[in-house]
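> Need a 3D model of the sequence below.
(one chain, ligands or ions: 2)
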Amino acid sequence: MKTHIAINGACGRMGQRLVALAAEDAALQVVAALDSPKHPRAGHDAGEVAGVPKNGVPITGEIPLSARIDCVIDFSIPAGTMAILKTCVDRKLPLVIATTGLEKEHRDQIAEAAHETAILLSPSMSLVVNVLFKLTKLTAEALAGKGFDVEIVERHHRFKKDSPSGTAVQFAKIVQDAMKQSEIVHGREGIVGERPSGEIGVHAVRAGDNVGEHTIIFSALGETMELVHKGYSRDSYARGALLAAKFLAGKPAGMYTMADVLGL
Ligand SMILES: NC(=O)C1=CN([C@@H]2O[C@H](COP(=O)(O)OP(=O)(O)OC[C@H]3O[C@@H](n4cnc5c(N)ncnc54)[C@H](OP(=O)(O)O)[C@@H]3O)[C@@H](O)[C@H]2O)C=CC1
Ligand SMILES: O=C(O)C1=N[C@H](C(=O)O)C[C@H](O)C1
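Ligands and ions are numbered 1, 2, ... in the order given. Alright, predicted model coming up:
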């Protein structure tokens, strides 16, 4: 039986790849394609917008009431996430949230909504990045209290709106929890003095069309270890999100992550 999905942010870079890749998957059916209500492509065929054959699904501002939906996937902006969250709570629809740049108030609302419907939230849908989350935890726990400086460098395309990336924020949190490092420092400028221990430096590079790279540097006197992920195609995130939608369809209310999808 096919998993019927709705895509929020369907006209965006990620939304278009979801529409295109879902069309190649016999186990998936795109039944709704949403974007901001005033989007210039509103009413256009979602397949056509994505550069693949027409799929008969128009770009709309809301999920059509008649549509049977097994899971909604959101790659939009925080305001778009909050709007679709309300719809998913009202209609008890499972929701995969991939949008980044969410503030604490958004996260609190998402956690509240998870009492009503199944929600999978991850700043990266890449399977490899989610394995790297686990390796980073393992590394940070092993090196905690042993004199290691930790710096996180992320690189993304010039069009990215939020900074640092949601993935870098997640890496920083993992290190913070594991090493009890207290202060996250975003970039450095001027005569800031010698590096205090306990800082986690986070650096966001914005250049060209980079689809996403993250490096977590663990350095002590005399040696360095770097954990690196390099994305070469947005399809890695899109494929992970489609897998997550299949996983989440039919699940009971609650909060889920990609670790659940991967069985980590
Ligand atoms: N978790 C993950 O693996 C990944 C997460 N992301 C995140 O996904 C998000 C989208 O990325 P990307 O596709 O590159 O960005 P884009 O800007 O290309 O796409 C976002 C889309 O959302 C639309 N949008 C704006 N407002 C709303 C709204 N209220 N309701 C529905 N749709 C709306 C935008 O329309 P308009 O252009 O008119 O504003 C646009 O079409 C970002 O937060 C990004 O960081 C990206 C890649 C991987
Ligand atoms: O905006 C992007 O492109 C990406 N955003 C996500 C993030 O902020 O971590 C994930 C991925 O790195 C691509």
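> Just name the shakiest helix or strand of the protein by mean pLDDT.
Using mean pLDDT, DSSP states H and E, strand 183-186 stands out as the lowest-scoring helix or strand of the chain, at a mean of 94.
> which residues are in contact with that one?
Strand 183-186 has contacts (C-beta atoms under 8 Å, 6 or more residues apart in numbering) with 164, 172, 176, 196, 198-204. Heads up, the C-betas are built off the backbone N, CA and C, glycines and all.
> May I ask which of these has the most neighbours?
Greatest neighbour count in the contacts of strand 183-186, by other C-beta atoms under 10 Å, goes to P164: 24 neighbours.
> wouldn't that one be in contact with E154 here?
Yes - using C-beta atoms under 8 Å, P164 is in contact with E154, at 5.8 Å.
> between the two, what contacts are shared?
Contacts common to P164 and E154, judged by C-beta under 8 Å, 6+ apart, are 202-204.
> and the closest residue to ligand 1 within the stretch 51-200 of the chain, what does it touch?
Per C-beta to the nearest ligand atom, G80 is where the stretch 51-200 of the chain lies closest to ligand 1, at 2.9 Å. By C-beta under 8 Å, 6+ apart, the residues touching G80 are 8-9, 36, 74, 99.
> Looking at the residues you listed, state which has the most neighbours.
Going by other C-beta under 10 Å, N8 tops the contacts of G80 with 31 neighbours.
> got the contact list for that residue?
15, 34-35, 72-76, 80-81, 84.
> what's around M1, how many residues?
Residues near M1, counting by other C-beta under 10 Å: 7.
> One more: the one 5 residues further on?
One way to gauge burial is a neighbour count; for A6, by other C-beta under 10 Å, it gives 28.
> Kindly report the same for K146.
9.
> Would you confirm that it contacts S219?
No - using C-beta under 8 Å, K146 is not in contact with S219; the gap is 11.6 Å.
> Name the single longest helix found in this structure.
Of all segments of type helix in the chain, defined using DSSP state H, the longest is helix 127-143.
> Can I get that one in CSV, CA atoms only?
Provided in CSV are the C-alpha atoms of helix 127-143 (Å, rounded to 0.1, in the frame of the first residue of the first chain):
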residue,chain,number,x,y,z
LEU,A,127,21.3,9.2,7.3
VAL,A,128,25.1,9.8,7.5
VAL,A,129,24.8,13.0,9.5
ASN,A,130,22.6,11.1,12.0
VAL,A,131,25.2,8.4,12.4
LEU,A,132,27.8,11.2,12.9
PHE,A,133,25.6,12.6,15.7
LYS,A,134,26.1,9.3,17.5
LEU,A,135,29.9,9.2,16.7
THR,A,136,30.3,12.8,18.0
LYS,A,137,28.5,11.8,21.3
LEU,A,138,30.8,8.8,21.6
THR,A,139,34.0,10.9,20.9
ALA,A,140,32.9,13.8,23.2
GLU,A,141,32.2,11.4,26.0
ALA,A,142,35.5,9.6,25.6
LEU,A,143,37.5,12.9,25.5
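> after that helix, next one along is what?
strand 149-156 (DSSP states H and E).
> quick one, domains of this structure?
What automatic domain parsing lists as the domains of the chain is 3-121+234-262, 127-231.
> Need the winner for burial among those domains.
When the domains of the chain are scored by mean count of other C-beta atoms under 10 Å, the highest mean neighbour count falls to domain 3-121+234-262 (a mean of 19).
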